[in-house]
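Participant: please find the sequence and the predicted model below.
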Amino acid sequence: MKFSAVVLALALGAATAFVPSTRMPRAAVKMSATAAAPAVESALATAANEARGLAMDSIAAAASGHLGLPLGAAEIGAVLWGQSMMYNPDEPTWPNRDRFVLSAGHGSMFLYSWLHMAGYDIPMEEVKNFRQWHSQTPGHPEFPNSEHTTPGIEATTGPLGAGIGNAVGLAVSEKMAAATFNTEDHKIFDHHVYALCGDGCLQEGVSAEAMSFAAHEKLDNLILLFDSNDVTLDKMAEFTQSEDHAQRFDAYGWDVITLTDGHDLKAIHAAVEEAKSNNNGKPTAIICKTIIGKGIDEVAGTNAAHGEAGVEFVDGARKSLGLPDEKWHVSDDTYSFMKEKQAANKAVYDEWTETYAAWKAANGDKATILEDALAKKRKSAAEIMDMIPMKETDEATRASGSTIINQVSDALPTYVSGSADLHGSNKNYIKGAGDFGSGFGKSYSGKNFYYGIREHGMGVIMNGISYGGIFTPSGATFLVFADYMRATMRIAALAELPVSYILTHDSIGVGEDGPTHQPVETVSGLRVFPNMDVMRPADYEETAAAYAYSITKGMACGTVQTTGPVSLILTRQNVKYLTGVSPQERRDGTMKGAYTLVKETADLERIIIAAGSEVQFAEAAAKELGAGTRVVSMPCMSLFDKQSAEYKESVLPSSCANRVAMEAGVSGLWYKYVGLEGKVVGVDRFGFSAPGDITFRELGMTTENLIAECQ
């Protein structure tokens with residue numbers, strides 16, 4: 001890669017501040033003797049202090065925010081945006097850009113300040129508008145979505161630790177893109193992924209899951225910078241932790257560099273450049289010993305510096321840093337220096353575009369797949385369903401999914417899947433697609449992910465893959481374990497990510513494993529997420545439609561185009577193949593969230609509504625209850641709610657208040673559809689260990705009980 005001479009001139013030094021891992025001495029120690037370039041170092045130091053000033057001024061104006069990280073990590077930002085990272089603010093979604101994830105998302109003014117100075121379309125007015133309604137600078141970074149379109153934000157962060165996993169997912173995406181699209185003649189993917197975390201991120205267990213996965217799969221394109229300031233919000237970190245982070249990272253299999261002075265520009269640069277150049281199969285953790293709130297002497301180095309406690313001292317701190325009285329000050333010299341970096345990056349970008357054009361000319365099929373993926377261009381749900389043959393079969397919907405997922409993969413070449421050590425049970429393996437990773441017959445072009453017993457890690461990594469913009473991830477576990485990754489499912493919905501979750505063993509029908517593995521509340525718990533479509537199909541045909549919907553959300557049957565995750569809720573036990581209407585009508589009806597499965601042949605007397613495995617009982621009950629009974633299959637409440645008033649009235653006519661809903665789960669949400677005068681046959685208790693047919697019988701999930709409840 002090309003960099004301007006002024007950028008390259010900075011020394012890679014300060015040996016006393018650069019402590020490599022004892023297991024692998026680093027060449028960067030030798031490089032530390034290189035002569036310094038005082039002008040560049042001075043420019044970076046000035047930029048760092050001006051970034052501190054922007055953070056102070058914006059947080060003071062908002063009377064809200066977190067001063068500690070933006071002030072304490074300012075030199076890290078100066079090195080990343082001023083020297084080491086490859087980006088093009090004029091093309092912020094350039095596929096081969098370096099990615100930066102602020103895992104400690106509360107320090108968002110760090111990110112906004114540096115993006116502004118690095119030339120991204122975040123004008124100073126938006127910097128000043130920090131944390132205000134409709135601003136481009138919300139309290140925590142938000143990946144571009146319908147609410148915010150801030151350029152340069154690579155992940156929605158805030159829940160601590162998750163950003164580390166997102167960065168792992170982005171590193172996965174780069175490895176997969178390089179393996180899938182690079183050729184011997186043309187390399188179009190070779191970027192790095194950076195994340196900045198704090199003590200809180202590392203205390204959250206998800207960081208351990210993600211970092212373990214990253215080391216095991218040898219993601220050496222990943223660089224984690226640890227803002228190690230020995231502080232958490234309540235207390236100094238020593239109050240709640242005593243671990244040796246370097247030994248922890250080393251045990252995972254990461255390369256570790258410790259900077260005893262995390263404000264030393266030369267040492268930070270040396271460490272980052274060493275991490276970039278060392279393609280040894282290990283991700284790198286750079287531990288930067290910093291002073292939280294550096295620049296506000298009254299609180300610096302204490303837990304009081306974490307939030308806005310230092311605001312009252314901002315004016316004095318600005319003077320001590322040599323900043324002028326003018327608030328939100330960035331000097332012309334700093335803007336000019338950053339423009340030199342942008343120009344150097346632009347030269348690399350221009351060279352890349354030439355390489356890309358040559359690659360595209362030589363690899364038309366690959367180029368079509370890549371460009372369609374980036375543009376989110378894909379077959380319609382109807383086209384995908386045409387690729388899935390109809391099949392009359394009494395089988396578990398997870399078994400239906402085991403064949404359907406392969407047609408989905410054929411329809412969308414960049415679709416990938418994985419499981420938290422449950423492929424054999426979830427039945428979501430894409431046949432012939434290979435396994436992702438390193439060693440054991442795996443490769444970086446494999447489409448099946450073995451996440452290990454790491455549901456939370458799987459969730460954040462899947463989000464990271466989705467943030468990468470090329471691959472469409474799905475991941476599987478038992479439904480009851482979705483709670484392990486609930487926080488990251490929420491972020492997927494908030495960030496409008498096209499992620500899908502394959503959640504099997506969906507009810508008390510799990511049987512012998514007992515109540516620890518029998519979800520009764522979980523489906524309803526997922527349904528309440530805004531922008532999360534939860535689909536619980538009743539048979540093979542509904543499952544086919546649900547899978548097609550999961551990668552075309554909102555494109556079918558006249559609904560408004562939306563984005564966001566889909567949860568596919570599938571059974572362990574066999575279900576009856578439905579016969580009330582044709583297979584095509586069941587598929588089309590599933591695309592609308594609910595449809596009339598059994599139409600009354602006399603005056604309408606009652607409506608039975610059911611989902612998933614309970615629809616078979618409703619269809620059977622209708623035959624006994626008489627010609628005035630209508631059965632509605634409702635695989636997806638939220639999707640039905642999006643339909644026109646006319647359609648909803650045609651399925652659930654307001655003239656009929658005699659309604660009964662049935663589902664093997666908690667009853668609460670169903671009253672929206674049956675009304676207060678209606679009845680819900682549900683399971684408002686935990687189950688018990690017994691064969692599944694017995695749990696169903698004893699808890700009222702039978703045709704006979706439904707008939708009795710209707711009469």
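Facilitator: That came through, no problem.
Participant: please name the nearest non-neighbouring residue to residue 167.
Facilitator: If the residues on either side of it in the chain are set aside, residue 167 comes closest to residue 195, at 3.7 Å by CB to CB, 6 or more residues apart in numbering. The C-beta positions use only the backbone N, C-alpha and C, and glycine is treated the same way.
Participant: just want the most central residue of this structure.
Facilitator: For the chain, the residue nearest the mean C-alpha position is residue 463 (1.9 Å; CA atoms, centre = their mean).
Participant: quick check: buried residues in the helix or strand where that one lies?
Facilitator: Residue 463 belongs to helix 455-467 when assigned by DSSP states H and E. Across helix 455-467, burial judged by 16 or more other CB atoms under 10 Å covers 455-467.
Participant: if we can go back for a sec, I'd say the residue nearest to the centre of the chain and residue 488 touch.
Facilitator: Yes: look at residue 463 against residue 488 with CB atoms under 8 Å: they come within range, at 5.8 Å.
Participant: overlap in contacts of these two?
Facilitator: Common neighbours of residue 463 and residue 488, counting by CB atoms under 8 Å, 6 or more residues apart in numbering, are 162, 165.
Participant: on that earlier part again, the residue nearest to residue 167 pairs with what?
Facilitator: As for beta bridges, residue 195 partners with residue 101, residue 224 under DSSP bridges.
Participant: residues contacting it?
Facilitator: Residues in contact with residue 195 (CB under 8 Å, 6+ apart) are 100-103, 163-164, 166-167, 222-225.
Participant: relative to residue 607, how far out is residue 629?
Facilitator: Shown here: residue 629 relative to residue 607, a distance of 8 Å by CB to CB, to the nearest Å.
Participant: and what of residue 285?
Facilitator: The value you get for residue 285 to residue 607, if CB to CB is used, is 59 Å.
Participant: also residue 67?
Facilitator: Taking CB to CB as the measure, residue 67 falls 58 Å from residue 607.
Participant: who has more neighbours out of the two?
Facilitator: Regarding residue 67 and residue 607, a neighbour count based on other CB atoms under 10 Å identifies residue 67 as having more, with 33 against 26.
Participant: wait, what's in contact with the more buried one?
Facilitator: With contact taken as CB under 8 Å, 6+ apart, residue 67 is in contact with 55-56, 59, 293, 296, 299, 305-311.
Participant: could you point out the helix or strand that follows the helix holding residue 463?
Facilitator: Toward the C-terminal end, the helix or strand that comes next after helix 455-467 (DSSP H and E) is strand 472-478.
Participant: so that next one versus helix 455-467, what angle?
Facilitator: Orientation check (axes from the mean of the first three to the mean of the last three CA atoms, to 10 degrees): strand 472-478 against helix 455-467 gives 170 degrees.
Participant: partner strands of strand 472-478, parallel or antiparallel?
Facilitator: Here strand 472-478 is paired, per DSSP bridges, with strand 415-419 (parallel), strand 500-504 (parallel).
Participant: ok, which stretches of the stretch 251-400 of the chain are helices?
Facilitator: When assigned using DSSP state H, counting those that start in this stretch, the helices of the stretch 251-400 of the chain occupy the ranges 265-277, 314-320, 332-362, 364-374, 381-387, 397-411.
Participant: among the ones you listed, which comes closest to residue 132?
Facilitator: Closest of the helices of the stretch 251-400 of the chain to residue 132 is helix 314-320, at 18.4 Å (criterion: CB to CB).
Participant: residue 350 versus residue 356, what's the distance?
Facilitator: With the distance defined as CB to CB, residue 356 ends up 11 Å from residue 350.
Participant: more crowded one of those two?
Facilitator: Regarding residue 356 and residue 350, a neighbour count based on other CB under 10 Å identifies residue 356 as having more, with 17 against 12.
Participant: surely that one meets residue 188?
Facilitator: Yes: assessed by CB under 8 Å, residue 356 is found in contact with residue 188 at 5.4 Å.
Participant: how many residues are close by residue 646?
Facilitator: That count, for residue 646 with other CB under 10 Å as the rule, works out to 7.
Participant: for residue 480, which non-adjacent residue is closest in space?
Facilitator: Counting by CB to CB, 6+ apart, the residue nearest residue 480 is residue 519, at 4.2 Å.
Participant: then residue 88?
Facilitator: For residue 88, the spatially nearest residue (CB to CB, 6+ apart) is residue 349, at 4.6 Å.
Participant: still on that earlier bit, take the contacts of residue 67 and lay them out in JSON lines including pLDDT and distance to residue 476.
Facilitator: Below are the contacts of residue 67 laid out as JSON lines (pLDDT from 0 to 100; distance: CB to CB, whole Å):
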{"residue": "55", "pLDDT": "97", "distance to residue 476": "42"}
{"residue": "56", "pLDDT": "97", "distance to residue 476": "46"}
{"residue": "59", "pLDDT": "97", "distance to residue 476": "42"}
{"residue": "293", "pLDDT": "95", "distance to residue 476": "44"}
{"residue": "296", "pLDDT": "95", "distance to residue 476": "48"}
{"residue": "299", "pLDDT": "95", "distance to residue 476": "47"}
{"residue": "305", "pLDDT": "91", "distance to residue 476": "43"}
{"residue": "306", "pLDDT": "93", "distance to residue 476": "38"}
{"residue": "307", "pLDDT": "91", "distance to residue 476": "39"}
{"residue": "308", "pLDDT": "90", "distance to residue 476": "42"}
{"residue": "309", "pLDDT": "90", "distance to residue 476": "45"}
{"residue": "310", "pLDDT": "92", "distance to residue 476": "46"}
{"residue": "311", "pLDDT": "94", "distance to residue 476": "47"}
